[in-house]
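coords please:
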Amino acid sequence: MSSGGRNSAVTVALIAGVCFLAAGVYGGEAMTVLRKAVYICLECIGIG
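Next up is the predicted model:
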């Protein structure tokens, strides 16, 4: 793959990632993910 083609692919992937991230935050998924992360951390250290 040429340098220009690779840069284009990276740019498209980055834009897609930002769009999916924004859609998740807009849909209220950020708090769900944070809550699950807290539960996992608490279980790892033996509190939860």
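
Only C-alpha atoms from now on, for both contacts and neighbour counts.
Noted.

Pop out the phi and psi values for the residue nearest to the spatial centre of the chain.
Taking C-alpha atoms, centre = their mean, the centroid of the chain lies closest to Leu21, which sits 5.8 Å from it. In terms of degrees, to the nearest 10, the main-chain angles of Leu21 are phi -60, psi -50.

where's it relative to Ala9, distance?
Distance of Leu21 to Ala9, computed by C-alpha to C-alpha, to the nearest Å: 18 Å.

Next, count neighbours for Ala38.
Let me fix one detail, which is that residue 38 is Val and not Ala. The local packing of Val38 (other C-alpha atoms under 10 Å) involves 13 other residues.

Now do it against Cys44, distance only.
Taken as C-alpha to C-alpha, the span from Val38 to Cys44 is 10 Å.

Okay, and Lys36 sits in which element?
helix 29-44 (DSSP states H and E).

Can you give me the buried ones in that helix?
When neighbours are counted by 16 or more other C-alpha atoms under 10 Å, no buried residue of helix 29-44 is found.
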